[in-house]
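Asks: generate a structure from the sequence data that follows.
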Amino acid sequence: MRFSAYFWMIFLFAALLFRIPLVQNEVNANEVNAFELDGIAATVRGQAVTCYDVENGMQVLRKQLQQSGTTQLDHNQLYQRALDTEIMSQLQQREAKKLGIKLTESEVDSAIENIAKNNRLDIEQLKQALKAQGVHFSDYRANLQKRMLNNKLIDIAVRGRLKISDEAMHEYYRKYMKNPNPIREIHLAQIFIGVQSGSDIAAVEKKRGAIASVRKKLLAGADFANLVTLYSQAPDASSGGDMGWFSEGGISPAFGEVFKLPVAGYTHAIRSTAGFHIVKVLEERWKKPELGESRDEVHARHILLKVPDHADEAMRAKIMDRAQNIARDMQNVDDAGFATRAKEISQGPSASGGGDLGWFKRGQMVAAFENVAFALKAGETSGVVTSPFGLHIIRVVGARHIDPNSFEARADQIKQVLTNAEMQTQVPRWLASLRAKAVITKQSCPQLKRVGSLQEGASKAH
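Replies: Numbers count the residues shown, from 1 in each chain. Just a heads-up that it's a prediction; the model follows:
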């Protein structure tokens with residue numbers, strides 16, 4: 001079949017990223033179904049985490065470890081990892097609901113189409129590929145939707161609240177971008193053990209001992225990815241601890257030492273505000289920095305008079321007459337005078353700032369507005385300009401051409417780099433705070449011990 005070569009890629013998406021239940025003939029389905037896996041493993045603020053949910057998570061973890069060559073599996077450790085993952089998933093789902101964060105069906109459809117396209121499959125072939133791996137498409141879709149919702153939640157609850165100062169952005173540009181020479185980028189992965197904010201010395205030392213024990217296993221030759229699966233508490237644990245690619249200055253200062261390491265090297269236990277990290281260099285590359293966009297920009301103010309939808313011809317004519325009188329009056333005033341008048345009479349959201357719209361490029365304003373703005377010279381004021389928002393009088397404060405290697409051209413890129421660096425510590429802290437505030441009651445799934453033994457025994461038999 002044409003898509004057979006892509007089974008493994010689809011399997012990784014299903015198993016590692018979306019935690020899909022797997023059926024690999026390791027256990028006879030009737031044997032598993034003979035056990036009551038609808039018991040309660042824990043309650044999170046009164047909402048149940050079922051033993052079935054935990055069993056699914058354990059299968060995924062077990063498969064990850066076995067495929068990397070691990071034969072000795074600690075069942076209790078797998079159970080605890082799967083349970084903790086389900087608890088955190090419940091907390092994120094509740095937080096998203098609390099904040100009114102939702103996903104539309106079209107957003108999920110689009111994501112599935114992109115996954116299929118990236119694997120050179122159509123949707124029907126993707127369904128067949130998943131079915132061949134024992135994955136129901138409805139489960140795949142539901143888990144993908146959950147993952148996307150969690151990502152959207154983090155973007156809003158964490159990324160959207162981060163503030164990157166102009167000083168930090170200018171400093172980054174001066175040190176790493178002003179001279180566009182090739183730079184070293186490194187691909188990183190991490191093992192993370194969190195420390196809750198406000199923890200006492202004893203609790204911190206317990207976590208320090210835990211990360212030291214993990215590092216000892218690394219020194220003894222344990223596989224880094226396996227230790228991520230078993231111990232890491234970061235959101236990236238489901239993808240092998242993959243943190244992505246970083247250049248110097250584009251990562252939290254706490255992790256700065258990684259740029260002194262060779263490929264395959266890893267750090268000592270790094271203490272951050274969120275907890276303890278062991279970071280490994282997976283690979284490296286030298287990359288010429290991407291230049292920004294060369295463009296023209298204008299800095300403008302405006303006075304806006306709104307025209308009500310219910311206005312009749314007489315009212316519209318009256319508003320237009322007023323706008324034309326204002327435009328004539330504004331032709332001979334300076335910028336300060338225009339700003340003062342805008343504060344007094346403009347009906348737009350920029351009125352409190354003297355009608356200041358800041359710098360903008362083509363495509364950021366409606367066509368009728370920007371065509372006039374870009375035709376004016378600095379210090380000139382327009383006549384009345386009609387747009388869907390109402391009637392505008394535009395004053396151009398300044399005009400400039402942006403060089404592709406200038407700070408202005410690369411400001412968005414710099415902000416993204418510095419935001420991503422901050423996210424490395426802020427996301428774990430935010431997740432820890434969710435858990436710290438929650439009422440969690442752990443119960444038990446004793447039947448999973450027997451199921452786990454059956455699965456492990458069947459796997460070894462194969």
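Asks: only C-alpha atoms for contact and neighbour calcs from this point on.
Replies: Fine.
Asks: leaving out chain neighbours, which residue sits closest to residue 251?
Replies: Leaving out its chain neighbours, the residue that sits closest to residue 251 by CA to CA, 6 or more residues apart in numbering is residue 421, at 4.2 Å.
Asks: surely the one you found is in contact with residue 250?
Replies: Yes. Counting by CA atoms under 8 Å, residue 250 is a contact partner of residue 421 at 5.6 Å.
Asks: settle it for me: which of those two has more neighbours?
Replies: Using other CA atoms under 10 Å, the more surrounded residue of residue 421 and residue 250 is residue 250, with 21 against 18.
Asks: so who does the nearest residue to residue 353 once chain neighbours are set aside touch?
Replies: With sequence-adjacent residues excluded and distances taken as CA to CA, 6+ apart, residue 353 is closest to residue 343, at 6.9 Å. Going by CA atoms under 8 Å, 6 or more residues apart in numbering, residue 343 touches 351-355.
Asks: next: residue 262.
Replies: Residues near residue 262 by CA under 8 Å, 6+ apart: residue 281.
Asks: surely it is in a strand?
Replies: No. Per DSSP: H, G, I helix; E, B strand; the rest coil, residue 262 lies outside any strand segment and is coil.
Asks: what segments of the stretch 251-400 of the chain are helices?
Replies: For the stretch 251-400 of the chain, the helices defined by DSSP state H, counting those that start in this stretch cover 313-330, 335-345, 367-375.
Asks: what's in contact with the first one?
Replies: Applying CA under 8 Å, 6+ apart, the set of residues contacting helix 313-330 from outside is 305, 307, 338, 381-384, 391-393.
Asks: now these in a markdown table, with distance to residue 125 and pLDDT?
Replies: Shown next, in a markdown table, are these (distance: CA to CA, whole Å; pLDDT from 0 to 100):
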| residue | distance to residue 125 | pLDDT |
| --- | --- | --- |
| 305 | 56 | 97 |
| 307 | 53 | 95 |
| 338 | 62 | 97 |
| 381 | 60 | 97 |
| 382 | 58 | 97 |
| 383 | 59 | 97 |
| 384 | 57 | 97 |
| 391 | 54 | 97 |
| 392 | 54 | 97 |
| 393 | 57 | 97 |
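Asks: so where's the protein shaky on pLDDT?
Replies: For the chain, the stretches with pLDDT under 70 are 1-38, 67-73, 238, 447-462.
Asks: which parts of it are strands?
Replies: 40-44, 47-50, 183-194, 242-247, 270-271, 275-287, 295-305, 356-361, 381-387, 390-402, 440-442 (DSSP state E).
Asks: with distance to residue 166 as added columns, please give these in TSV.
Replies: Shown next, in TSV, are the strands of the chain (distance: least, CA to CA, whole Å):
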stretch	distance to residue 166
strand 40-44	41
strand 47-50	44
strand 183-194	23
strand 242-247	20
strand 270-271	27
strand 275-287	25
strand 295-305	19
strand 356-361	15
strand 381-387	30
strand 390-402	18
strand 440-442	41
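Asks: turn those strands into a markdown table, columns for mean neighbour count and distance to residue 151.
Replies: As requested, the strands of the chain are exported to a markdown table (neighbours: other CA atoms under 10 Å; distance: least, CA to CA, whole Å):
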| stretch | mean neighbour count | distance to residue 151 |
| --- | --- | --- |
| strand 40-44 | 20 | 20 |
| strand 47-50 | 19 | 21 |
| strand 183-194 | 22 | 19 |
| strand 242-247 | 17 | 15 |
| strand 270-271 | 16 | 25 |
| strand 275-287 | 19 | 21 |
| strand 295-305 | 22 | 33 |
| strand 356-361 | 16 | 30 |
| strand 381-387 | 19 | 37 |
| strand 390-402 | 21 | 34 |
| strand 440-442 | 15 | 23 |
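Asks: could you point out which of those sits nearest residue 226?
Replies: strand 183-194 (10.1 Å; CA to CA).
Asks: and the closest one, what does it pack onto?
Replies: Packing partners of strand 183-194 (3 or more CA pairs under 8 Å, 6 or more residues apart in numbering; DSSP states H and E): helix 201-219, helix 224-231, strand 242-247, strand 275-287, helix 407-437.
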